[in-house]
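# Below is the sequence, then the predicted model.
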Amino acid sequence: MYRFVFSFMVIIFFTARSNYISAQELNLSNITYWTYNIQEVDSPRQHDALVNSCYDLYVLEIVTTEVGKENFDIGGLLHDIRESNLNLRGIEPIILAYVDVGQLEDWRWYFDPNWGVGNPVWIVGEDPNEWEGNYPVAYWHPDWENIAIYGYQGRSLVEETLVHGFDGIYMDWVEAFSDEQVLGKAKVDFNLTGNAEAKAKTAELMFNFIEKIRNYAQSESANANVDYLVVAQNASDLYSFNPTRYQQIIDAIALEAIWFDGHADVDWDDPDGYNVHTNTFYPGWTEQVLSDLEPMKGILPIFCVEYAQDLGGVNFGTQAYALADEQGFTAYASRRSLSQLSTTPEPPGYDSTAVDVKYESEEINLLQLFQNSPNPFNPETTIRFTLPQNSSVTLSIYDMTGHLVRVLVSETRIAGRHLVKWNGRDLRGRQVSSGIYFCKLRAGDLVQVKKMGLLR
């Protein structure tokens, strides 16, 4: 089914590209398709899924801030996503780092097992939506500012996004400013009475906090990026406290579950993680959020992620895209776990055949090792292969004498297309010399080999 006459392929390729904006014009105001993946980003499955996709905007977990995952090559993943999109359609996508700016997460590097609610004083409570391991914080406290922005134990959340090459930050839990536990802490810290007075103060403090993030990332860090983007998730009501200032410190706003939601802390395949009308959980939510967003239309780009799927005999995913389109929002329909890229359905008009066309005659019902590209190469090359079924795979590099140079893959991989990089280094990380090398793919009892040339 993946064979095409060449002339037909060319027509499809350019048709697919015409659906997307050129790299020079891509910005948050003209994003057509976006995706959101914050769990299992470090898995081979998600590497392949992300690299073999063609979205204008990606929101991804940093991964390296998690305990035990400090050495994950997130920068390499970003490179592969960008290179694949550039090769496929001449577009460099925008990639934002998901960061929870209003809550402590107990799986991050900074967490001390002795910490708990009230110890230290800026941990104000537990997540009101029952997300395990999440704790709202007094985000104005200097200790949290250091963790999030300026540095704690030699690292910070924002600094990690800069070091690894993200284009900006996608800030979750901006709604901390209106959390009852946070408001209670503000009353104590600033000697306030009443929720209205406290909320006005926490709104001001949130504006200050976001502005500090923006200033640090754009100019103060040694790794500063003057074009660093700042996107706020949720807290649509924050805008009303100071519209002008909010417009100055964020580049877009994104909302979760305007129409459709799911239960927290569930796996991808759990049907409780999608297709629940949000008003069932929070009566009047949909109408209130749409009212909050009305004055932002035409001023800020507005994104939404809807936990809605075309599954279980309903087409709520398709409905979510239609509802968002009516409002002028750019939507992505997924599931609460956000651990895979959703295809049920894909966004309207998203042309997954663009990826298929890139690989020309590849058939995923066959084991195939394709010629590396570029070839010859210096300093690195891309090796692609397809698997007809889930298989135990070994992908190795040998020199002309038959000596093993490097093992690139040795694990079980799922059926489908796969992409692997070789940087011209051996098992000990040393650069190998110019010459002819052989790439050997073994899957079960099947073996394929390709010859490659390295020119230093």
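That came through, no problem.
# what about this structure, any weak spots by pLDDT?
Residue ranges of the chain with pLDDT under 70: 1-25, 352-365.
# domains in it, as residue ranges please.
The chain breaks down by automatic domain parsing into domains covering 6-356, 366-454.
# Buried deepest among these, which one?
The highest mean neighbour count among those, using mean count of other Cβ atoms under 10 Å, belongs to domain 6-356: a mean of 18. Heads up, the C-betas are built off the backbone N, CA and C, glycines and all.
# and the residue of the chain positioned farthest from its centre, helix, strand or coil?
Going by Cα atoms, centre = their mean, the residue of the chain most distant from its centre is Thr401, 42.7 Å out. At Thr401 the chain is in coil, as set by DSSP: H, G, I helix; E, B strand; the rest coil.
# Can you tell me the SS state at Phe207?
helix.
# Tell me which residues touch the residue most central in space within the chain, please.
Closest to where the C-alpha atoms of the chain average out (Cα atoms, centre = their mean) is Leu60, at 1.6 Å. By Cβ atoms under 8 Å, 6 or more residues apart in numbering, the contact set of Leu60 is Asn37, Ile38, Val41, Leu50, Ile74, Leu77, Leu78, Ile95, Leu96, Ala97, Tyr98, Phe166.
# Give me the distance between Trp173 and Ala148.
Per Cβ to Cβ, to the nearest Å, Trp173 is found 11 Å from Ala148.
# any shared contact partners between the two?
Common neighbours of Trp173 and Ala148 (criterion: Cβ under 8 Å, 6+ apart): Val101.
# Distance check, Ala320 against Glu66.
Distance, Ala320 to Glu66, by Cβ to Cβ: 30 Å.
# Could you do Arg417 as well?
When Cβ to Cβ is applied, the distance between Arg417 and Glu66 equals 27 Å.
# tell me the helices in the chain, going along the chain?
For the chain, the helices defined by DSSP state H cover 6-18, 44-51, 74-89, 142-145, 157-163, 180-190, 195-215, 243-249, 278-281, 285-293, 316-327, 353-358.
# Ok, which of the ones you listed comes nearest Trp107?
Nearest to Trp107 among the helices of the chain is helix 157-163 (13.1 Å), distances taken as Cβ to Cβ.
# helices or strands next to the closest one in the packing?
Here helix 157-163 touches strand 94-100, strand 168-172, going by 3 or more Cβ pairs under 8 Å, 6 or more residues apart in numbering; DSSP states H and E.
# repeat that with 7 Å
Helices and strands touching helix 157-163, by 3 or more Cβ pairs under 7 Å, 6 or more residues apart in numbering; DSSP states H and E, are strand 94-100.
# Pairing partners for the strand it packs on, with directions?
Neighbouring strands of strand 94-100 in its sheet, by DSSP bridges, are strand 57-61 (parallel), strand 168-172 (parallel).
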